[in-house]
Every structure is written in C-alpha cells, then in structure tokens.
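In: here's my sequence, what's the structure:
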Amino acid sequence: MNTTSTIRLIKQGRQRRFRKWLVINGMLALLAIGLCIAMLLLGNTIYPISEVFQVLMGERVPGAYFAVNTIRLPRMLAGVFAGLAFGMAGHIFQTMLRNPLANPDVLGITTGSSAAALFSILIFQTSNTAVSLASVIAGLVTVLLIYLLSSGSHFSIGRLILIGIGFQAALSAVISYLLMIGSQEDMPAALRWLSGSLNGAKMETLLPLICTVLICAPLLLVLGKHLDILELGEESALSLGLSTNKIRLILILSAVFMIAFATATTGPIAFVAFLSGPIAKRLVGTGYSNVLTAGLVGINLVLGADLIGQFAFEVRYPVGIITGLVGAPYLLYLLIRMNRKGYL
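Out: Numbers count the residues shown, from 1 in each chain. Prediction:
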C-alpha cells in the first residue's frame, strides 16, 4: 500500500467518524427538543402545542399563560442548562484526569456546594439568593483547596482523586451532622434541595446559571480538542508543545463554575455528571471531542428523568431520585470492572 492510498484511507476514516459524530449529536439534539416540548405541554392540564406556542410568543392565553410561562418554562430551562453544565463538566473531569471515577460528585465539589447550602438553610434560614451564593462560593473554595493540596512539587492525578474523595467523605459527614441538628421546620426544604430538583425554578434565579453556561460552555468546546492530548499524560502533552498548566486551569475553572452554579440552582442532581461522559463515548467513540455530546446527554438525562419522576408513578419524585436509581447500578458495575482489571 503506497502513501497516497494510506492518506486516502485516513481521510475516509476521519470523514466516517465525523459523519457519525454529526448524526449522533443531531439525534441527541432532536431528542432534547422533543423532551423540552413535552415539558411545556404536560402537567395537571395538557395544553395543545398551538396555545403553548402563543404563550411563548408573548400572548396571554387564559389558563395556559400562567402554567407555561411561570412554572413549566423555568422548569424546562433549569433542566436544559443544569443538564448541559453537569454533562460537559463531568466529561471534562473524567477525560482530563483519565479516570471514570473522577467526576464532581466523587471529588467532593458538589458535596461542598451542598454542605454550604444546607448550612444556610438549616442554620441561618437564609433566602434562596443567599443559599445559591453560599453554594457557589463553597464549590469554588472546595476545588481550589483540592487543586492546591494535590499540586505539590508537580501535579498528580492520583493525588487529586484521593484528596477529592477525602473531601467528599468529610463534607458528607458535615451534611449528616447538619441534618441531625437542623430544625424540623426547615428539613423538608433541605431534603428537597439535597435530592436535586427542578421544582420551584424561577426565571430570576436561572439568570446566573444561564449566563455562566453561555460563557463557560464555549471555552470547554474550544479547549475540548486538547483533552485527547492531555489524556496521553503530562510528559507527552508537554513534548507536543501544550501549555498543560494553563489549559488545565481554564478547563477546571470553567467546569467548576458550571457545576457550582448548576448545583446552586437545582441542587446536586445525582450521577448526571458521572453518566454523561461514558454514554457519550459509547455513542460516538473516539476521534472527535465528546464535550458537546456529553452536554446533550446530560440535558436528555435531566429532562427525561424529570418527566419520569413527574408522570410515571403515583407519587411525584424529584429528578435526582430518578437519576440516582439509574446511576447507582452503573457505579457498582464500574467499580467491579475496575477491581477485576486491577485498578482498585
């Protein structure tokens, strides 16, 4: 086989991978649009799509205007932007740290945000704005401490994961203690927030999350092409001329900001950050960045789980309960597989 034939085969393979990437992302986008429409149509009263469209265009349709504009639209937008944030950020952590367990849930980032939010709810009985602010600050402080402690003389992925797991365990203990000493009157709100829920989403509380995603998501998409190089290891990435510390810092900060604001808005929706990356990789494979794919998977997981939690059972469950039921078996499977391969 000559050089020309080899180049042609490489180009054909790349074109096939790109077509597959395009088709998969297009199908995920269409599924997300369908779930968004279902979120707007379904409820105690099912409105026709024509009335929903009129409401979205600003018309005050009797009955439908309040339900769609005040309740269903903010709930749908919360699911879209939180799912996108959890999915993209989770994939960034797992790929950059070369470990499927290295996601914001296991590393303690969402746990730090949750502990601060519960402290605000149970101890200070603060407003939703103060709870969100405390959640964001705690998430940023947690990842900063984990990163600083894991850096040392040189950055170590294994050290970062171990320190993150330690933080997660310690902060989980703090959450348990707060639940024990908290007032019974504040307990329902704390548990509802802790389980991860789209209930009570309002447009004014969504603006920080929307702005954060619109700023950070393009950064992750642009820098996502470097993830494959970072996966090769520190020495290989440096030898290829990649500024690893700078790129890693931007990726981590962007992912953490998205996780922190998403957690502050909806609570820690379980396993979305954990599941989105592996599902995206299984669907698309390698050869192209899966950052966008993971974000779309995250959107579909959150919206689909919320619809199941609302309408599939006699009792309505928060979205985090449904994603937890899906994610927990996968976590056990992953731990068993890693143990058999000698990674644990």
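
In: can you count the residues close to A217?
Out: Per other C-beta atoms under 10 Å, the neighbour tally for A217 reads 20. Placement of C-beta: from N, CA and C, glycine included.

In: quick one: which helix or strand includes it?
Out: Assigned by DSSP states H and E, A217 belongs to helix 203-223.

In: list the buried residues of that helix.
Out: T205, L206, P208, L209, I210, T212, V213, C216, A217, L219, L220, L223 (16 or more other C-beta atoms under 10 Å).

In: spit out the contact partners of N300.
Out: N300 makes contacts with L28, L31, A32, L35, G83, as judged by C-beta atoms under 8 Å, 6 or more residues apart in numbering.

In: any chance you could list what contacts the helix or strand where L144 lies?
Out: In this assignment (DSSP H and E), L144 forms part of helix 128-151. For helix 128-151, contacts defined as C-beta under 8 Å, 6+ apart pick out 107-117, 119-121, 124, 126, 156, 159-160, 163-164, 167, 171, 193, 205, 208, 252, 256-257, 259-261, 263-265.

In: what angle do helix 128-151 and the helix or strand following that helix make with each other?
Out: Next helix or strand after helix 128-151 toward the C-terminus (DSSP H and E): helix 157-181. Between helix 157-181 and helix 128-151, the angle comes out at 150 degrees (axes from the mean of the first three to the mean of the last three C-alpha atoms, to 10 degrees).

In: and helix 157-181, average pLDDT?
Out: Averaging pLDDT along helix 157-181 gives 83.

In: list of residues touching that helix?
Out: 97-99, 101-102, 105-109, 111-112, 114-115, 118-119, 122-123, 142, 145-147, 149-150, 152, 187, 190-191, 194.

In: can you give me the buried ones in that helix?
Out: With burial defined by 16+ other C-beta under 10 Å, the residues of helix 157-181 counted as buried are L160, I161, I163, G164, I165, F167, Q168, L171, V174, I175, L178.

In: and which of the residues you listed is nearest to M39?
Out: Nearest to M39 among these, counting by C-beta to C-beta, is I175 at 29.7 Å.

In: buried residues in the helix or strand containing A85, which are they?
Out: In this assignment (DSSP H and E), A85 forms part of helix 73-96. By 16+ other C-beta under 10 Å, the buried positions in helix 73-96 come out as 73-96.

In: check which helices and strands that helix is in contact with.
Out: helix 3-41, helix 104-107, helix 203-223, helix 227-230, helix 244-266, helix 272-284, helix 291-311 (3 or more C-beta pairs under 8 Å, 6 or more residues apart in numbering; DSSP states H and E).
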